[in-house]
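Visitor: Below is the structure, and that's it, no one-letter string:
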């Protein structure tokens, strides 16, 4: 075997070879042919047959091979791990942003927009950064003032809302004899107040409904005559409650005191006021009915009742006594739950500033059951301002925002009635209804409020305004807006598409060059409420004038906002006094056949308030004493700074009295016919004879209301029960009659008389160049669809009013420097001073700043019976959104919403509801 198979050297494997490098021949094993011996002739010679069959290379088929389970699960596990990691990063980002908030604009700046590559992209909506304004028309109404919020009704059915204006005259609180109506209103009786309808397109008078007293409240939300035109429920001082036809101004029905219990008809009725609004139909006639709060005072007793009247006929459906201890000055407000349950809010107060806020169900009210749920009650928790209903919890139920007498604004959950938050400013009062709107970027409405800082009416040192976050009740402004003029806001909110884009429209009043002052002062003792409420405080405190502005503020423009109206720019229009008072007076006197006729008119003529309402319709003829200014493209730039031609109506004494008065004339202090209000002595004030100054009056509780500066809910008459109002009125009217019988001369005084004596030089210097008329608090205006359409953007029209009155001539305040001077002089005396000595000290200290105290006392001692005729002006102004001019491609400007959430006093329908934000269709 060894010879046949010689031993071969052992092979070593040095490296591996791929299968492709091997051949079938290499895999075969051969045997040698023995005959050939041991040698080889050639490589292939001697090969006879293989030892074994050749090994063939195996072929792999991927079609039939199965992958293992592990190979399938592995990528799935990797995918899950990646997803978990991604979610973890997202959560980390969310937590980081919440802990370290960064404005979106800062993040946006990190990623600048790419250049336009021609590809389609979604438009970016930019907010309004300002508002453009232009005057549509202006209307002046001489002899009239307004304390009622504006309303709107489409009177003539032309599709344009017309303007409803409640007004009063200077004769209102005088309870004037009829001859004064003949003198100043050409025989119109009654002539103390009323309602006008102005054409929404032009401002012309469409009809006038006259009443026996001033009008404070108007509700024109529904049609009660079934003529497709809304009708108005009007209320006012002196027991005024009328339903007025929206088409022609005729009285549909009137409520008479005779329809109520005899106790109301007692001789000395000191207080008799209504506040009314529409309610759901409860008598089944298909016409909405009316719910009324009625408060009366006879002697020292006050009482309130809730009355439900038929909207169609005015007949009483049901009467319920409310309380002998609390009074209702606000008609019950409806609160509706999502399940349809109807409840009513009752806001009550007392003369001691206590009271509360209550809830009563609709069913209990119908059955006369006063089962009240108390939201708040106690000292300082009384309510004199209507609550507003705003859904700040986003649960579908309106929540309750209420301002109390303790200066707190409270938010209650409308479903559970639990307190959500409250906010206050120390040592202040709230006399303005809050304004709801969207200020920040969330979808919760925010609340603008204004506090008057000071010891209480009539002394307020300044006012502060801010916007509260609807969620938390915390201020959103870094610093409050400060005013020195202490007016109301009388505000609206202008809705703009998208949350956080609304504009708050509000009034601001400041003394020129004294915007941020908090200097204290007080009125000198002995002044009447009338003289204090009509005091020119800017003149008395700073020797300057009062300016008012209508401002628009949003989060896109810093406080106090953009000015839409400035009183100084419009003085020449608002004080044009288109009446020739001398001509009217002389014409009336010349038409009297004899002095005996005047005496008869004075003695036997009826009081104006005894007359029933009359109607004047002016659809074709323009009243001669009313002026309309239409289509001002840029009114402000066209107005010149003219001074007012203010006219005062005088009844002078006989010759002897005139000679005496001429020697003591102080800056036109004359016996001007003045309307002392029926509410001149409020029941909250008590009079006493001062030990220091005999005959002086001291207020024991000054936390009350200025009728010209407070909302309508706080302006109802509140007389001292011991003042015997009717007797005082008869005395005043007798004085007028006596003066006529003594043949007093009726003269006209134009301001800035140049014939003042030398004693007046100091005071005349103070008044030099300063207009004495002052603008009173404007009532709340309206937002209406624009008359002038712009196809590129949505616009809206703002309608608002202003009015002016001459100031009191006998007002005097003691500044901080006066008080310090008086205190030092009294201490230096080191003994008890006699009254005349104290008066001398006051006179000396006042003379240090040029005030003639002697002339003040002489003016105060004269028993004037005077009234002041003012002038009202109505504006219609177009507003549009303005965006930055450098808009990039793909950017567009935001629009004013077609549906407004708070376009009028107490909302769209005057029911206190704030309509929530509605997203525009995209």
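Guide: Okay, I see it. All of these numbers come straight from a predicted model, not from anything done at the bench.

Visitor: In the stretch 101-250 of the chain, what residue spans correspond to helices?
Guide: 104-110, 178-185 (DSSP state H, counting those that start in this stretch).

Visitor: Go through those and find the least confident stretch.
Guide: Across the helices of the stretch 101-250 of the chain, helix 104-110 has the smallest mean pLDDT, namely a mean of 49.

Visitor: Residue 89: neighbouring residues, count only.
Guide: 10 (other CB atoms under 10 Å). Backbone N, C-alpha and C define where each C-beta goes, glycine included.

Visitor: Apologies, that question was intended for residue 440.
Guide: By other CB under 10 Å, neighbour count at residue 440 equals 15.

Visitor: How about residue 80?
Guide: 10.

Visitor: SS state for it?
Guide: On the three-state scheme (DSSP: H, G, I helix; E, B strand; the rest coil), residue 80 is labelled helix.

Visitor: Then the one 5 residues further on?
Guide: Going by three-state DSSP, the secondary structure assigned to residue 85 is helix.

Visitor: Test of understanding: give the bridge partners of residue 522.
Guide: On the basis of DSSP bridges, residue 522 is bridged to residue 814.

Visitor: contacting residues for it?
Guide: 459, 813-814, 819 (CB atoms under 8 Å, 6 or more residues apart in numbering).

Visitor: Check residue 418 too.
Guide: The neighbours of residue 418, taking CB under 8 Å, 6+ apart as the test, are residue 412.

Visitor: State the distance from it to residue 773.
Guide: Separation of residue 418 from residue 773 (CB to CB, to the nearest Å) stands at 49 Å.

Visitor: before we move on, back to that, could I get the contacts of residue 522 as TSV with distance to residue 806, neighbour count and pLDDT?
Guide: Putting the contacts of residue 522 into TSV (distance: CB to CB, whole Å; neighbours: other CB atoms under 10 Å; pLDDT from 0 to 100) gives the following:
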residue	distance to residue 806	neighbour count	pLDDT
459	22	18	88
813	18	18	89
814	23	21	90
819	28	14	90
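
Visitor: Determine the number of other residues adjacent to residue 541.
Guide: So residue 541, with other CB under 10 Å, has 18 neighbours.

Visitor: returning to that earlier point: kindly indicate which of the contacts of residue 522 lies nearest residue 904.
Guide: Closest approach between those and residue 904, by CB to CB: residue 459, at 31.6 Å.

Visitor: Excluding covalently adjacent residues, which one is nearest to the closest one?
Guide: Distances taken as CB to CB, 6 or more residues apart in numbering put residue 522 closest to residue 459, at 5.7 Å, once the chain neighbours are dropped.

Visitor: pLDDT score for the one you found?
Guide: So, for residue 522, pLDDT stands at 90.

Visitor: And residue 454, by the same measure?
Guide: pLDDT recorded at residue 454 is 91.

Visitor: Then the one 10 residues further on?
Guide: According to the model's per-residue confidence, residue 464 sits at a pLDDT of 95.

Visitor: same check, this time on residue 578
Guide: pLDDT, residue 578: 46.

Visitor: Quick one: the strands in the stretch 51-200 of the chain, in order.
Guide: Taking DSSP state E, counting those that start in this stretch, the strands of the stretch 51-200 of the chain run over residues 124-126, 130-142, 144-145, 151-153, 162-169, 193-198.

Visitor: Deepest-packed of those strands, please.
Guide: Among the strands of the stretch 51-200 of the chain, ranked by average contacts under mean count of other CB atoms under 10 Å, first place goes to strand 193-198 (a mean of 28).

Visitor: Just checking: what are the partner strands of that strand?
Guide: strand 162-169 (antiparallel), strand 205-211 (antiparallel).

Visitor: related to what we said a few turns ago, include distance to residue 199 when you put the contacts of residue 522 into TSV, please.
Guide: Below are the contacts of residue 522 laid out as TSV (distance: CB to CB, whole Å):
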residue	distance to residue 199
459	42
813	44
814	49
819	53
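
Visitor: my guess is residue 302 is in a strand, correct?
Guide: Yes: residue state for residue 302 (three-state DSSP) corresponds to a strand.

Visitor: in the sheet, who's paired with it?
Guide: Where residue 302 sits in a bridge, its partners, by DSSP bridges, are residue 297.

Visitor: Cross-check the contact I'm expecting between it and residue 327.
Guide: Yes: at 5.6 Å, residue 302 and residue 327 qualify as touching, with contact defined as CB atoms under 8 Å.
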